[in-house]
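Novice: sequence below, structure please.
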Amino acid sequence: MDLFITKVNLKNNVTKENIWNLIKKWLIGSPHYNIDCVPINFKKNEICSQKLNSSTSIFLLESVSDSNNCFAVRFELLENKVIWNTDFIFSESKEKYLSIKVSCESNDYSKTLPDLRKKPHIIKMLFDYDYCDDQGYFPILDKPIILQNKDINKCAEIIKGEVKSSLPVIYISYDPHTKKHYAVNVMELAKRLSGMAHVLVEPNNTFSLDLRKKSNYCNAYNGYIGIYFPGTTYREIIRAYDFNTMDKLMNCIQETVLMSLLNYAKVSDLTWDKLQVNLLRNRFLEQKNNVLLKDEEIDQKTRELEEFIKAADAENNELEKRIDALMQELNKKCAIIESLKNKNDSDN
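Specialist: Sure, this is the predicted structure:
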């Protein structure tokens, strides 16, 4: 079950060593894992593993080719019969980025799987070490972006789904009818969603009126909050008046962002399972003509075949879960549409 996923574009000067050291600092510094050291290093085109203590293990995979250089880390935690996997993919192909995914599965079928409400702490560390790209279409920041008149076309393009990006956009519209003008504390929201979304703050009502025309009237306005996923027409419009506290409103925004990332994000074509499958496939291709194998080599190839099948099954299961999540979201939207139609019929 996937619980969290995001992709953070990195500055050009960030290296594989920087990210690997950051992951180790995160593991050793965490009060939850009781890890003293991470005694393992990468080997090109190999899968390395190390048990760190009784409840944690780490797996490394480095893939080097002409088209893509990347490394992957899987951190596994066994806690109360639940296996938590945190996957990191660092890629230097067309763009430099780090994707992070948290998933879990239970060995106890009577147990309800936990729900992730907070992002992994390592995302905050990316900002602490100034690794995040601040030169993109919208910079990746841990503070809100106060819009200016020159940004109006950018906002319209995002809202109309004309710009591809890995992160959702939270659009905080200006409310001319209240003293505070904004439904949420934009500084707090931007920190909470850093590495998960861009938080854009509308400067005034004039900006809102101009944006309405340019965005085909799909923008949030008058204090409403819009959540847009760039490159798609998917959007959510949230009305602050439906929540009796700001904290509930902030939680709703965060949960909506998490769901949009899980259901609509094309975070990366690279996953731990896919990289593992590709590596094992390449091994077979390299030795497919070598039929004179010793007994120990046959045993090794048998183990590799079993690993290959297991990894391929894991990748297939991941795709099936994603399809299932999208179908659930579609059914939810259809139910909302049907409810609104019934309400409209009763009003008439």
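
Novice: for the host helix or strand of residue 189, buried residues please.
Specialist: According to DSSP states H and E, residue 189 maps onto helix 186-192. Within helix 186-192, the residues that count as buried by 16 or more other C-beta atoms under 10 Å are 186, 189-192. All C-beta spots, glycine's among them, are computed from the backbone N, C-alpha and C.

Novice: what about the strands in the stretch 151-300 of the chain?
Specialist: For the stretch 151-300 of the chain, the strands defined by DSSP state E, counting those that start in this stretch occupy 169-172, 198-201, 225-228, 235-238.

Novice: want to throw those into a markdown table with distance to residue 26, mean neighbour count and mean pLDDT?
Specialist: Output for those, formatted as a markdown table (distance: least, C-beta to C-beta, whole Å; neighbours: other C-beta atoms under 10 Å; pLDDT from 0 to 100):
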| stretch | distance to residue 26 | mean neighbour count | mean pLDDT |
| --- | --- | --- | --- |
| strand 169-172 | 26 | 26 | 96 |
| strand 198-201 | 24 | 24 | 96 |
| strand 225-228 | 28 | 24 | 94 |
| strand 235-238 | 31 | 18 | 90 |
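
Novice: centre of the chain to the helix holding residue 189, how far?
Specialist: Put simply, helix 186-192 sits 18 Å off its chain's centre (C-alpha atoms, centre = their mean, to the nearest Å).

Novice: and that helix, what does it pack against?
Specialist: Contacts defined by 3 or more C-beta pairs under 8 Å, 6 or more residues apart in numbering; DSSP states H and E place helix 186-192 against strand 169-172, strand 198-201, helix 246-264.

Novice: let's have the buried residues of helix 186-192 in TSV, adding pLDDT and distance to residue 52.
Specialist: Listed next are these as TSV, based on pLDDT from 0 to 100; distance: C-beta to C-beta, whole Å:
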residue	pLDDT	distance to residue 52
186	96	39
189	96	35
190	96	34
191	95	30
192	94	30
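
Novice: just those now: which is nearest residue 79?
Specialist: Distance to residue 79 across the buried residues of helix 186-192 (C-beta to C-beta) is lowest for residue 192, with 24.3 Å.

Novice: dihedrals phi and psi, residue 26?
Specialist: The phi/psi pair for residue 26 (degrees, to the nearest 10) reads phi -60, psi -50.

Novice: my guess is it contacts residue 123. True?
Specialist: No: using C-beta atoms under 8 Å, residue 26 makes no contact with residue 123, being 9.7 Å away.

Novice: returning to that earlier point: ok, of the buried residues of helix 186-192, which one's closest to residue 74?
Specialist: residue 192 (26.4 Å).

Novice: go ahead and confirm the closest one touches residue 254.
Specialist: Yes: applying C-beta under 8 Å as the test, residue 192 and residue 254 come out as touching, 6.3 Å apart.

Novice: now do the helices in the chain.
Specialist: Secondary structure of the chain (DSSP state H): helices located at 16-29, 121-128, 152-159, 186-192, 205-214, 246-264, 272-286, 295-347.

Novice: ok, and what's touching the fourth one?
Specialist: Residues outside helix 186-192 that contact it (C-beta atoms under 8 Å, 6 or more residues apart in numbering) are 141-144, 170, 172, 199, 201, 250, 253-254.

Novice: circling back to that earlier point, most packed of the helices and strands packed on helix 186-192?
Specialist: For those, average neighbour numbers computed from mean count of other C-beta atoms under 10 Å are highest in strand 169-172, which has a mean of 26.

Novice: and that one, what other elements does it pack with?
Specialist: Applying 3+ C-beta pairs under 8 Å, 6+ apart, one finds that strand 169-172 contacts helix 152-159, helix 186-192, strand 198-201, strand 225-228.

Novice: go through the first one and flag the buried ones.
Specialist: Just to be clear, that refers to helix 152-159. The neighbour-count check on helix 152-159 (16+ other C-beta under 10 Å) flags 152, 155-156, 158-159 as buried.

Novice: repeat that for stretch 139-151.
Specialist: 140-142, 144-145, 147, 151.

Novice: what's the span of that stretch, first residue to last?
Specialist: 13 Å (C-alpha to C-alpha, to the nearest Å).

Novice: quick check: mean pLDDT of that stretch?
Specialist: For stretch 139-151, mean pLDDT is 94.

Novice: now stretch 5-12 - C-alpha only, PDB.
Specialist: The C-alpha coordinates for stretch 5-12 follow below in PDB (Å, rounded to 0.1, in the frame of the first residue of the first chain):
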ATOM      1  CA  ILE A   5       5.200   9.800  -2.800                       C
ATOM      2  CA  THR A   6       6.900  12.900  -4.100                       C
ATOM      3  CA  LYS A   7       9.700  14.100  -6.400                       C
ATOM      4  CA  VAL A   8      12.000  16.900  -5.500                       C
ATOM      5  CA  ASN A   9      14.100  18.500  -8.300                       C
ATOM      6  CA  LEU A  10      17.700  19.200  -7.100                       C
ATOM      7  CA  LYS A  11      20.300  21.800  -7.800                       C
ATOM      8  CA  ASN A  12      22.900  20.900 -10.500                       C
END
